[in-house]
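Colleague: predicted structure and sequence below. I'll ask about it afterward.
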Amino acid sequence: MSLPEIFTLRKYLGPELKGRTISDARHGVSLTDILRHSCLVGRSRELSGRSVLLATSGQLLSALAMIELDGVARRMLLCPPDLDPDRIQALLAEAEIDAIVTDRPLHRCDAGAYLVVGASLPERAAVEWKTEGATEWLMLTSGTSGMPKIVGHTLDGLAGAIIAEGPARHPNATWATFYDIRRYGGLQIFLRAVIGGGSMVLSEPGEAIADHVARLRAGGVTHISGTPSHWRKLLMSGAAANFSPRYVRLSGEIADQAVLDGLARAFPLASIGHAYASTEAGVGFAVDDGREGFPADLIGWNRDGVEMKVVDGSLRIRSHRTARAYIGADAPPLADADGFVDTGDMVELRGERYHFVGRRGGIINIGGLKVHPEEVEAVINRHESVRMSHARSRRSPITGAIVVADVVLADGTDAGRHETIRTEILGRCKDSLAAHKVPAVIRFVEPLDVTAAGKLARADA
Amino acid sequence: MSVRSRIFSAMQQIAEEQKVTLAPLQDDLPLHETGFDSLAFAILVARLEDDLGIDPFTIAEDAAFPSTVGEFIRAYENVPA
């Protein structure tokens, strides 16, 4: 009896597709003959069947190690760059990690307890790997406080949306993302590049946006994704002018109409859409009509085998793309008894469309009346002089809290127009929001902080 | 501009924004007859904190909330800025 064929990345990296590459700011590596080379140094053969932490300094070596170890390692834990080093030891124990692939000295963990294998550019001949089984892909949640949770996926589930679209849907694409590929949103793009037969240009932390865009252009990037905060940053920078991708996607935060319209103006020839996905719930759906929110008929079963429902205002998703479980001894259940993952993303039905209104935990309570900061931001962001905004709670001796907003104006906005703009923003908020949701104070500020995961830094979230 | 006139000017602006009619402001006018609701007062206190640098109702934990316009103004006048 033959075993069913196991789905691994290696199957999509044959020599027949020429000219495929993956690059970062310093190096480029051919994907066409990647299977004939190894990025692993030292006792790499012993990684078979192990639970491996991929702790490389850059994304490129992690990408190459993922390709090499998928189907070989029992588990791969992807380590994002912004992980607090003090937390690593506890996470390694929870994930039962027994081997580490890295290109830097190990400080915060007891290296003697692990098999340590080096990583470098793939200049050695490949190890003859034998596919052992489906590797568990472990990722970390990107919450801003507390210990990250370890989320367990299979490649089959991670690639569910890509396979459903047809892996050859975007032939000859060169992919890029503002995300780090060791986060869910970025990993989706890396998998699209590998499975779809394309190439990829990786982001580089700390790189100036103009330099990044220059690399995207030089690399011939055609397909690119990021959070709305990433895209606003690009639109604000003026660097988008000579860049013309064919495919522009937003995910990870609420894509409001202002950022969708801004991208449509900046990239008139591109297909622009937003997708809903989370580390736990996987890819839910994509919206390609250029409008914020999503059609109400996506609730229920949709054609890709994703089932969604709204309970107590939050979106719940069940599909084979959701994570398998949280990993660890005392890990809470990831899904309810029926297999639905509660995303914690609150939605509201307006006419024939659902709109995202914010995170369950981010609600501001104004004397008993609730407001999601994101719904206020969506209104403010529609003003043509506004690039970005952050609505937040400020304590009040009268109502407990009030909403205030920090607003970043477009470059070159005349300071003499501030009062007019403030009045216009307030007027629009009053026209479309209940009185308690209208910001009590609007401050004009310098560009707002964006977290390592590409999301607006919400200190109060 | 005196504290009193800054408070009055902030109240007039909020009244305009909130589309409420402000009663003629006199010291003995009860706050609940000014035309302001609690949200309007919350906005007023937040803006005055930005303008004057103080929020007299949060500084002192046992501060009794004023009941007239005069008491409201005195709460600001009596806090050393």
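Modeller: Structure's in. What do you need? Residues are numbered from 1 along each chain as shown, chains lettered A, B, ... in the order given.

Colleague: on the three-state scheme, B:Leu39 is what?
Modeller: Secondary structure, DSSP: H, G, I helix; E, B strand; the rest coil: B:Leu39 is helix.

Colleague: ugh, wrong one, A:Gly14
Modeller: coil.

Colleague: what's the answer for A:Ala277, then?
Modeller: Here A:Ala277 is strand, with the state taken from three-state DSSP.

Colleague: one more: A:Arg10?
Modeller: Per three-state DSSP, A:Arg10 ends up helix.

Colleague: run through the residues that contact it.
Modeller: A:35, A:67, A:70-71, A:129, A:131 (C-beta atoms under 8 Å, 6 or more residues apart in numbering or on different chains). Every residue, glycine included, has its C-beta placed from N, CA and C.

Colleague: and the residue nearest to A:Arg350 when sequence neighbours are not counted, how far from chain B?
Modeller: Nearest non-adjacent residue to A:Arg350, counting by C-beta to C-beta, 6 or more residues apart in numbering or on different chains: A:Gly293, 7.4 Å away. Between A:Gly293 and chain B the distance is 28 Å, computed by C-beta to the nearest C-beta, to the nearest Å.

Colleague: ok, A:Pro81 next?
Modeller: A:Pro81 is 38 Å from chain B, where distance means C-beta to the nearest C-beta.

Colleague: same question for A:Val213.
Modeller: In terms of C-beta to the nearest C-beta, A:Val213 sits 38 Å off from chain B.

Colleague: isn't that residue right next to A:Phe243, touching?
Modeller: Yes. At 5.2 Å, A:Val213 and A:Phe243 qualify as touching, with contact defined as C-beta atoms under 8 Å.

Colleague: the two - which one has more neighbours?
Modeller: A:Val213 (21 against 17; other C-beta atoms under 10 Å in any protein chain shown).

Colleague: quick one: contacts for the more buried one?
Modeller: With C-beta under 8 Å, 6+ apart, A:Val213 has these contacts: A:234, A:237, A:239-240, A:242-243.

Colleague: ok, and the closest non-adjacent residue to residue 30?
Modeller: Picked chain A for this. A:Thr21 (5.7 Å).

Colleague: wait, chain B
Modeller: Per C-beta to C-beta, 6+ apart, closest to B:Pro30 is B:Thr68, 5.6 Å.

Colleague: list the residues that contact that neighbour.
Modeller: Counting by C-beta under 8 Å, 6+ apart, B:Thr68 touches B:27-31.

Colleague: export the residues you listed as TSV, with columns for secondary structure, pLDDT and neighbour count.
Modeller: Formatted as TSV, these follow (DSSP: H, G, I helix; E, B strand; the rest coil; pLDDT from 0 to 100; neighbours: other C-beta atoms under 10 Å in any protein chain shown):
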residue	secondary structure	pLDDT	neighbour count
B:Asp27	coil	93	12
B:Asp28	coil	93	8
B:Leu29	coil	93	17
B:Pro30	strand	90	12
B:Leu31	helix	89	16
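
Colleague: just those now: which is nearest A:Leu140?
Modeller: Nearest to A:Leu140 among the contacts of B:Thr68 is B:Leu31, at 51.4 Å by C-beta to C-beta.

Colleague: tell me the contacts of the residue nearest the centre of chain A?
Modeller: Among the residues of chain A, the one closest to the centroid is A:Gly185, at 2.6 Å (C-alpha atoms, centre = their mean). When contacts are counted by C-beta under 8 Å, 6+ apart, A:Gly185 touches A:177, A:179, A:225, A:227, A:251-252, A:277, A:454.

Colleague: what does chain A put close to chain B?
Modeller: A:366-367, A:394-399, A:402, A:404, A:426, A:430, A:435-436, A:440-441 (C-beta under 8 Å from any C-beta of the partner chain).

Colleague: run the last query once more with 10 Å
Modeller: Taking C-beta under 10 Å from any C-beta of the partner chain as the contact definition, chain A meets chain B at A:366-367, A:369, A:394-404, A:423, A:426-427, A:429-430, A:435-436, A:438-441, A:443.

Colleague: out of those residues, which are buried?
Modeller: For those, a burial check counting by 16 or more other C-beta atoms under 10 Å in any protein chain shown picks out A:366, A:394, A:396-399, A:401-404, A:426, A:429-430, A:435-436, A:438-441.

Colleague: okay, buried residues for stretch A:172-185 please.
Modeller: Those would be A:173-185, for stretch A:172-185 by 16+ other C-beta under 10 Å.

Colleague: show me what the lowest-mean-pLDDT helix or strand in chain B is packed up against.
Modeller: Lowest on mean pLDDT, DSSP states H and E among the helices and strands of chain B sits helix B:56-59, with a mean of 75. Using 3 or more C-beta pairs under 10 Å, 6 or more residues apart in numbering or on different chains; DSSP states H and E, the elements in contact with helix B:56-59 are strand A:386-396, helix B:38-52, helix B:69-77.

Colleague: out of these, which is the most enclosed?
Modeller: Of all the helices and strands packed on helix B:56-59, strand A:386-396 has the most neighbours on average by mean count of other C-beta atoms under 10 Å in any protein chain shown, namely a mean of 22.

Colleague: heading C-terminal from that one, find the next helix or strand.
Modeller: Sequence order places strand A:400-409 as the next helix or strand after strand A:386-396, per DSSP states H and E.

Colleague: partners of that following strand, with directions?
Modeller: strand A:386-396 (antiparallel), strand A:441-444 (parallel) (DSSP bridges).

Colleague: got the CA positions of it in CSV?
Modeller: The C-alpha coordinates for strand A:400-409 follow below in CSV (Å, rounded to 0.1, in the frame of the first residue of the first chain):
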residue,chain,number,x,y,z
GLY,A,400,-15.4,58.0,32.3
ALA,A,401,-13.9,58.3,28.8
ILE,A,402,-14.2,60.4,25.7
VAL,A,403,-12.9,59.9,22.2
VAL,A,404,-10.0,62.0,21.0
ALA,A,405,-8.2,61.7,17.7
ASP,A,406,-4.6,62.2,16.6
VAL,A,407,-4.5,63.1,12.9
VAL,A,408,-1.6,63.1,10.4
LEU,A,409,-2.1,65.5,7.5
